[in-house]
Structure formats: structure tokens, C-alpha cells
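1. sequence first, then the predicted structure, then my questions.
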Amino acid sequence: MKNIEKEERYNRIGEDNVLITVFTPAYNRAYTLHLCYESMLRQTSKNFEWLIVDDGSSDNTRELVNEWMQKDNGFKIRYIYKENGGMHTAHNVAYENIYTELNMCIDSDDYLVDNAIERITEFWNQNKDEKYGGIIALDIHQDGSNVGTFLPNQKSIAYNDFYEYGGIGDKKVIYRTDVITKYPPYPEYEGEKFVGLCYKYLLADQEYPLLILNEPICVVEYLEDGSTRNIFKQFKQNPRGYIFLRKERMKYFKTFKWRFRSCIHYVSESIDIGNRKFISESPKKAMTIVAIPFGVLLYFYINYKTRDI
């Protein structure tokens, strides 16, 4: 049944008259979501639709979006409500409901630069090719400064290669829908609400580099209640999700530094859940054994940092 549904979704890709779906997972962010909406209104091109995936909000997100949907915005707005499960589960729902050629996630506390859709459209039409999985572009802060380092001066790059070889800071990824949906969905673990979004990007990297657009597309704001600010808390609350991600990174990362770093975290998180089989379950057994002392130290450090949680 799932294969039939997947084939039907592939057949529907491109049936809409717009190029890109901008999707926004939202959880109790009615107080910031208007910034994202207002940036959609300012777009110099309306070659997109906006999909909001409400991840179980208890605030007035639904009412706010319904109000916007009644207006003549110049673009289509779709709204899907789901039970709260975390960012990655909202991405799963989004990918099941996107039928445009391209897609891009804009977080509920971020917003697009005014010509973002126009530049994506122009750049993609000029450079698209079956060998590319999409586009990687820049995020900027509200003061206009770049988030982290610029992208390298070359035609394309794999998403994770940028970070493995010294890149810093969040970047905006715009994926071909037929590419990103061909890989398995993010796993969901009972009682946990986080799996790194880079998992699917890591799989896509094995086949498809991303075209480099060294221009700002998104303005980002790191809120105190956002996931970036709560990394140690996330480690403690979502160990199985992180263990899954560490194992995937061990398999696919290219450099020893990043594979070994993943091993250290894998050891720490395995200790946290009392998994005595972590060596036999590791895709890099010898490296994991070497990482044990460092993983033990990391385990105690994380416990110290989260002692008040």
C-alpha cells in the first residue's frame, strides 16, 4: 500500500503550476509566524505555495492561519494539523503532501528575503540538471550579516561535505521533491521528539550534490526556546534519535574527524540508555572501542550541564 501511495505522490509532482513549496513546521509559534507570512506577501515572485504543518499547537496558530487563508494573498496557503511529535515528524508529513518540483523549509521564527522565490526560480531554471538534488544557499541574521561562513566558490557541493571540510553555520537547502522523498522518512521513537534533519540530506548526498547559490534566501532568528539553544537538553531527552543519527554519520561521513566525533557521542548516548550492545551494534566497531573513554567523559559532562533538568 505504501509503495502505491509513494508512486501516486511521484506522479503528482509538478502538477501544480508553481515551482516551489515553502513549508513551515509550527509549534506554539503564533507570536512569530506572522513574520514568515508577511515575508511571503513581500515576495517579488509568487511562484510558490505555503504549507504550514501545525505540530500540535495549543495556541491560536490554527485561527491565525485560517484568517490568512481567507485573504487574497497572491499565493496558495495549505494547513495541516498533526499531533505533536517534533520537527522531524512535521517534515515527514510535509514531504507526504508536497507536489511541486522544489521544496524548502522555513522555520516558524524565520522569514524569506523579499526576492527569495524570484532568485531561486531564476537560478534553478538556468542551472538545473538531473545530476543535482537542488540548491544550497545562505541564511543571514536580522542585521544582514551572514550566518557562519560563505559557501565555496564552485558549482556544487554535497550538503554534509560543506561542514566536514570546515564550513560553519546554518544554510538554506532547496531540494527537488522527487529526490528528497525517495529516501526513507525520519524514524519516530516513542517518548522522543528529535531526529536530526540532516539524516535525509546525508542520504541524498550519496547521489546528488547541491548547486551553490551564494546569496541570502532566509533571515533567521535563534529564539531561546528554539532547538539550537537547547542542544544538551535534546541529547538527554532524545537519546535513541541521536543514536540513530550517530550510526548513520559513522557510515557515511568521509573524514576520520567527523566519524570519530560521531562515535564519541554514540558511546555517550548508549551509556545514557544502558545499551550494553552498543559495540556490536556500531557500524564502526573498532573506532567505537577507541572512543569509549571520550564517550564516558562526554556522558558525565552532559549530565553535569543538564543537572537541573
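-> Okay, I see it.
2. hey, which helix or strand in the protein has the poorest pLDDT?
-> Lowest by mean pLDDT, DSSP states H and E among the helices and strands of the chain is helix 2-12, with a mean of 53.
3. ok, and for whichever helix in the chain runs longest, which residues are buried?
-> Counting residues, the longest helix in the chain under DSSP state H turns out to be helix 285-305. The neighbour-count check on helix 285-305 (16 or more other CB atoms under 10 Å) flags 287-288, 291-292, 294-295, 298-299, 302-303 as buried. Quick note: C-beta positions are derived from backbone N, CA and C, even for glycine.
4. any idea which of those residues is closest to Gly144?
-> Ile302 (35.1 Å; CB to CB).
5. what strands line up against whichever strand or helix holds Asn214, and which way round?
-> Assigned by DSSP states H and E, Asn214 belongs to strand 210-219. Strand 210-219 has its sheet partners listed here by DSSP bridges as strand 111-112 (antiparallel), strand 134-140 (parallel), strand 156-157 (antiparallel).
6. residues in contact with the longest helix of the chain: which ones?
-> 232, 235-236, 250, 259-260, 263-268, 270-272, 278-279, 282 (CB atoms under 8 Å, 6 or more residues apart in numbering).
7. from those residues, which land in helices?
-> Counting by DSSP H, those contribute 232, 235-236, 250, 259-260, 263-268, 270-272, 278-279 to helices.
8. any idea how far the residue nearest the centre of the chain is from His91?
-> Nearest to the mean C-alpha position of the chain, by CA atoms, centre = their mean, lies Leu197 at 4.0 Å. For Leu197, the distance to His91 equals 6 Å [CB to CB, to the nearest Å].
9. common neighbours of these two, please.
-> 105, 186.
10. got a pLDDT number for Ile289?
-> What the model reports as pLDDT for Ile289 is 98.
11. any idea how far it lies from Gly274?
-> 18 Å.
12. hang on, the earlier thing: surely the residue nearest to the centre of the chain and Met87 touch.
-> Yes: the criterion here is CB atoms under 8 Å, and Leu197 meets it with Met87 at 6.9 Å.
13. switch the strands paired with strand 210-219 over to TSV; also include mean pLDDT, distance to His34 and mean neighbour count.
-> Converted to TSV, the strands paired with strand 210-219 look like this (pLDDT from 0 to 100; distance: least, CB to CB, whole Å; neighbours: other CB atoms under 10 Å):
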stretch	mean pLDDT	distance to His34	mean neighbour count
strand 111-112	98	9	24
strand 134-140	98	20	23
strand 156-157	98	34	19
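14. nearest approach to Thr149 belongs to which of these?
-> Nearest to Thr149, of those and by CB to CB, is strand 134-140 at 9.8 Å.
15. quick one: that closest one to chain centroid distance?
-> Averaging C-alpha positions (CA atoms, centre = their mean, to the nearest Å) puts strand 134-140 12 Å from its chain's average.
16. residues in contact with that strand?
-> In contact with strand 134-140 (CB under 8 Å, 6+ apart) are residues 102, 110, 113, 120, 123-124, 146-147, 150-151, 157, 159, 162, 169-176, 179-180, 208, 210-220.
17. domain-wise, how is this protein divided?
-> When the chain is parsed with automatic domain parsing, its domains come out as 2-223, 235-305.
18. show me the contacts for the closest residue to Ile168 other than its chain neighbours.
-> Leaving out its chain neighbours, the residue that sits closest to Ile168 by CB to CB, 6 or more residues apart in numbering is Gly148, at 3.8 Å. Residues counted as contacts of Gly148 (CB under 8 Å, 6+ apart) are 167-171.
19. contacting residues for Phe235?
-> Here Phe235 is in contact with 242, 265, 268-269, 272, 302, 306 (criterion: CB under 8 Å, 6+ apart).
20. widest-spaced pair of those residues?
-> Top of the distance list for those (CB to CB): His265 and Thr306, 14.6 Å.
21. which one of these two is surrounded by more residues?
-> Neighbour totals were compared for His265 and Thr306, and His265 leads with 21 against 15 (other CB atoms under 10 Å).
22. the more buried one contacts Gly241, doesn't it?
-> No: checked against CB under 8 Å, the pair His265 and Gly241 is beyond contact range at 11.9 Å.
23. pull the number of nearby residues for Val147.
-> 18.
24. tell me how far it lies from Lys233.
-> Relative to Lys233, and taking CB to CB, Val147 is found at 22 Å.
25. what of Leu41?
-> For Leu41, the distance to Lys233 - CB to CB - is 35 Å.
26. for Thr121, same thing?
-> 39 Å.
27. check Val195 too.
-> Val195 is 15 Å from Lys233, by CB to CB.
28. show me where the stretch 1-150 of the chain has its strands.
-> Taking DSSP state E, counting those that start in this stretch as the test, the strands found in the stretch 1-150 of the chain are 20-26, 48-55, 76-82, 102-105, 111-112, 134-140.
29. was I right about Pro209 contacting Gln154?
-> No: under the criterion of CB under 8 Å, Pro209 is not in contact with Gln154, lying 9.8 Å apart.
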